[in-house]
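Novice: Sequence first, predicted model second:
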Amino acid sequence: MSASLVDPHRPADGLFEAFYFASDGRQLFGRLHRPDRIACDLGLVLCNPFGHEAICSHRGIRLLAEAAAAAGFPALRFDYSGTGDSSDIEFDVNQIELWTQDVRAAALELRRLTGVTRIGLLGIRLGALVAALAASDFEPIDALIFIAPIISGERYLRELRVAQLSAQSIPGPVEPTAYVSRTIVAGAAGDMEISGFKLSAATREVLKDTELAPLAPARHLLILDEITVPTAREWNAALEARGVPTTYALLRGLLQLAMTAPHSINVPMPMIAAVSEWLAHFAVNASALRALPENTNTGNANAGNTGSGTSVAPALMLPGTRGGDALVERPVFISSHDTLFGIVTEPPAGEAVSRAVILLNQGAFHHIGGSRMHVSFARRWAQRGYLALRLDLAGLGESTLRPGSPDDEAFPANALDDIRAAIAFVRDRYGIVHVSLGGLCSAAYHAVRAAAAQVPVDRILLVNPVNFHWKPGMILHEVQLAQVVRYPRVYYDRIFSWRALKKLFTGRVAIARILRVYINSLVPVESTLRDLARRLRIRMPLDIGHDLEEMAARGVHIVFVFADGDPGIDLLKLEAGAAITRLGDRCKIHLIAGGDHNFNRSAARTAMEEVLTSELFLEA
């Protein structure tokens, strides 16, 4: 399959423009949504919530930006310093201070690029508090939109502490075998890490003393509050008592937007409608509409690195670790059946490049990966000579949606076509001859299926896979077969519940397969029969053991990494059986003690990264 690169500043299909811009010497990744015609002199900057909430709300934020642009308001989405695809920072700094500077830099950049004179800030959760801080004594900010805002920094820290404590249970260990290596890690002390994202001590000190109430609001203020937990209601009443004009609405689903896994979320469309309706009040008469200015100053690879905030750059220059050589990171739009989005990290200039690693979506997370791990992987491996592409499959992250397919589907039906297009892209554009493919959970599934389908890959990196076969129509939260293996008693009760039987009778869940796996976990008849069939060279359906043997015979290197106690290791034993031991060194299995399924704990995540790095460079 051939694939081509679309100009990031003129992408197809009416997508956003992707670029980097400066904020006090740091480089931020931005996505500008330009309307066909501008409605008035107001533009919108969208301010992300913190950490995992930003991952969960990614699609909702994108839909808000698209709705604003459709209504005639240019909208800029961006990643704060040290988050998303922006440049890294040291995590002993005051992140709130840096992020407040970043919001102001984004406002100035939006004004410069589009010609608008007034700026509105839209913030979700902590993003609302950061937006309010940025708006203080900053003349261009004329309007504020707060969605489920954090009213009290101290109360927010308490919420985070509760979330941190609830995530500290560690699953039980897996019994070691001769073909499984285990890495023991200790938890990091003193860090406040929530779902893999850190808040520095300096940030926590600032948040403790930060309240939304004393901050001066902009001239125009929209507050959308969660109907089940209306934390902003009293603050809004106090504003009205002071004579501050506000628009206040109670809506359902705002907290779920920021706290529900992307593959399970339903973006609250009343939220999109409320923002669009409120913005419409700013629009001028149709006769006064004017064309939006073209962006003629996209700069070059070094533009925008002066900290002036007066130009954008098509690439991010990352400091090198060897002799000062810099890495280059750039957004790409890959044209295939759909427009796929990715970020490429290129090794230092002048270095011969023949190897690439393509990182796929973990569930419905966008291309940065859980805990931003894909950014860390890509930048580290590029320093050592790998080209790294963190890719969004169609319908995920920033890539376009295939007609008739749902958004944020963890197992998109045409993922193999997208993988082929990505491989063709790195081969054609960079001359890559050796491709590694993989990621965590569903990304591991896609890598297995790609290798089984003889997509040209040389190595697959499989982190905590939870299933090896998927059919359209399966329901993700009901067919976690790895969970059936690990927790059979729970699924035994669930199988024979009235709710499960109703789903079975209506064809909504594969109860029969769950029951089969449950029974086989107690009496491994199926595993024994599959092993016998493999020895007799009889191909059985849905046989991952046979698939792995065929891959290895073609020279594909197979690497499994499991958090110690993750149920996927038991599923692999159950479905692949003795085939694993016969593969020998062609299939490596590593266990990381102290990890959870998403490797949210930094110590375990670092150990997992070390294992993957050693496997990647074993023969490099």
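Specialist: Great, that's in hand.
Novice: now the strands: where do they sit in the stretch 51-200 of the chain?
Specialist: 75-78, 118-124, 141-147, 180-183, 192-194, 197-199 (DSSP state E, counting those that start in this stretch).
Novice: List of residues touching the last one?
Specialist: Strand 197-199 is touched from outside by 50, 51, 52, 91, 95, 160, 191, 192, 207, 371, 372, 602, with contacts defined as CB atoms under 8 Å, 6 or more residues apart in numbering. Bear in mind the C-beta positions are built from the backbone N, C-alpha and C, glycine included.
Novice: Could you tell me which of these count as buried?
Specialist: 50, 51, 52, 95, 160, 191, 207, 371, 372, 602 (16 or more other CB atoms under 10 Å).
Novice: Switch the residues you listed over to a markdown table; also include distance to residue 254 and pLDDT.
Specialist: Output for those, formatted as a markdown table (distance: CB to CB, whole Å; pLDDT from 0 to 100):
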| residue | distance to residue 254 | pLDDT |
| --- | --- | --- |
| 50 | 15 | 97 |
| 51 | 17 | 96 |
| 52 | 16 | 95 |
| 95 | 23 | 97 |
| 160 | 18 | 92 |
| 191 | 29 | 59 |
| 207 | 21 | 96 |
| 371 | 24 | 96 |
| 372 | 24 | 97 |
| 602 | 29 | 92 |
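Novice: Now render the residues you listed as a markdown table, adding distance to residue 147.
Specialist: Formatted as a markdown table, the entries for the buried ones among the contacts of strand 197-199 read as follows, by distance: CB to CB, whole Å:
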| residue | distance to residue 147 |
| --- | --- |
| 50 | 14 |
| 51 | 16 |
| 52 | 17 |
| 95 | 20 |
| 160 | 19 |
| 191 | 28 |
| 207 | 19 |
| 371 | 24 |
| 372 | 23 |
| 602 | 29 |
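Novice: With respect to residue 15, which of those residues is nearest?
Specialist: Within these, distances to residue 15 taken as CB to CB reach their minimum at residue 372, with 22.8 Å.
Novice: wait, that closest one sits on residue 80?
Specialist: No - with contacts defined as CB atoms under 8 Å, residue 372 does not count as touching residue 80, sitting 11.5 Å away.
Novice: Could you check the helix or strand hosting residue 248 and say which residues are buried?
Specialist: Counting by DSSP states H and E, the secondary-structure element that holds residue 248 is strand 247-251. Judged by neighbour count using 16+ other CB under 10 Å, the buried positions of strand 247-251 are 248, 251.
Novice: wait, residue 26 sits on residue 88?
Specialist: No - here residue 26 does not reach residue 88: they are 9.1 Å apart, not a contact under CB under 8 Å.
Novice: Which of the two has more residues huddled nearby?
Specialist: Legend: neighbour count by other CB atoms under 10 Å for residue 26 and residue 88, higher for residue 26 (21 against 16).
Novice: rewinding a little: any idea which of the buried ones among the contacts of strand 197-199 is the one closest to residue 241?
Specialist: Proximity of the buried ones among the contacts of strand 197-199 to residue 241, judged by CB to CB, is greatest for residue 207, which lies at 26.3 Å.
Novice: residues contacting that closest one?
Specialist: Remark: with contacts taken as CB under 8 Å, 6+ apart, residue 207 is in contact with 96, 153, 154, 156, 157, 199.
Novice: Surely it is within a strand?
Specialist: No - following the definition DSSP: H, G, I helix; E, B strand; the rest coil, residue 207 is helix and is not counted among the residues of a strand.
Novice: That one and residue 316: what is the separation?
Specialist: Distance of residue 207 to residue 316, given as CB to CB, to the nearest Å: 28 Å.
Novice: Check residue 360 too.
Specialist: Distance of residue 360 to residue 316, computed by CB to CB: 22 Å.
Novice: more neighbours, those two?
Specialist: It is residue 360, of residue 360 and residue 316, that has more neighbours when counted by other CB under 10 Å, with 30 against 24.
Novice: Excluding chain neighbours, give the residue nearest to that one in space.
Specialist: Take residue 360 and drop its neighbours on the chain: the residue closest to it by CB to CB, 6 or more residues apart in numbering is residue 443, 3.8 Å away.
Novice: and the one you found, backbone torsions?
Specialist: Recorded main-chain torsions at residue 443 are phi -60, psi -40, according to degrees, to the nearest 10.
Novice: Which pLDDT does the model give it?
Specialist: Here the pLDDT value assigned to residue 443 is 97.
Novice: What is the burial count for it?
Specialist: Neighbour tally, residue 443, other CB under 10 Å: 29.
Novice: list the contacts for it?
Specialist: If you count contacts by CB under 8 Å, 6+ apart, residue 443 has them with 359, 360, 361, 362, 463.
Novice: Adding pLDDT, write those out as a markdown table.
Specialist: Converted to a markdown table, the contacts of residue 443 look like this (pLDDT from 0 to 100):
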| residue | pLDDT |
| --- | --- |
| 359 | 98 |
| 360 | 98 |
| 361 | 97 |
| 362 | 95 |
| 463 | 98 |
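Novice: any idea how far the spatially closest residue to residue 88 that is not a sequence neighbour is from residue 359?
Specialist: Using CB to CB, 6+ apart and skipping residues adjacent in sequence, the residue nearest residue 88 is residue 82, 5.8 Å away. Noted for residue 82: a distance of 19 Å to residue 359, by CB to CB.
Novice: Equivalent analysis for residue 44, please.
Specialist: When distance is defined by CB to CB, residue 44 is 31 Å away from residue 359.
Novice: Could you list the low-pLDDT ranges of the stretch 251-400 of the chain?
Specialist: Across the stretch 251-400 of the chain, residues meeting the criterion (pLDDT under 70) sit at 284-311, 321-324, 336-337.
Novice: would you turn the strands of the stretch 51-200 of the chain into JSON lines with distance to residue 166 and mean pLDDT?
Specialist: Output for those, formatted as JSON lines (distance: least, CB to CB, whole Å; pLDDT from 0 to 100):
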{"stretch": "strand 75-78", "distance to residue 166": "30", "mean pLDDT": "98"}
{"stretch": "strand 118-124", "distance to residue 166": "22", "mean pLDDT": "97"}
{"stretch": "strand 141-147", "distance to residue 166": "24", "mean pLDDT": "97"}
{"stretch": "strand 180-183", "distance to residue 166": "25", "mean pLDDT": "68"}
{"stretch": "strand 192-194", "distance to residue 166": "10", "mean pLDDT": "90"}
{"stretch": "strand 197-199", "distance to residue 166": "15", "mean pLDDT": "95"}
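Novice: Let me know which of these is the nearest to residue 427.
Specialist: That would be strand 75-78 among these, by CB to CB, at 30.8 Å.
Novice: who touches the closest one?
Specialist: Contacts made with strand 75-78 from outside it, assessed by CB under 8 Å, 6+ apart, are listed as 16, 21, 28-33, 43-46, 61-62, 64-66, 68-69, 86, 102, 106, 109-110, 113.
Novice: Give the pairing partners of that strand; include direction for each.
Specialist: With DSSP bridges as the criterion, the sheet partners recorded for strand 75-78 are strand 26-33 (antiparallel), strand 42-47 (parallel).
Novice: just the angle between the shortest one and strand 141-147, please?
Specialist: Right, the one you point to is strand 42-47. Interaxial angle, strand 42-47 versus strand 141-147 (axes from the mean of the first three to the mean of the last three CA atoms, to 10 degrees): 40 degrees.
Novice: go on, the longest one?
Specialist: With the same axes, to 10 degrees defining the directions, strand 26-33 sits at 80 degrees from strand 141-147.
Novice: Quick check: residue 351 is in a helix.
Specialist: No - inclusion of residue 351 in a helix is not indicated when three-state DSSP is applied; the result is coil.
Novice: which residues sit in contact with it?
Specialist: 325, 385.
Novice: Distance of it relative to residue 459?
Specialist: In this structure, residue 351 lies at 20 Å from residue 459, with CB to CB as the measure.
Novice: Brilliant, that's me finished.
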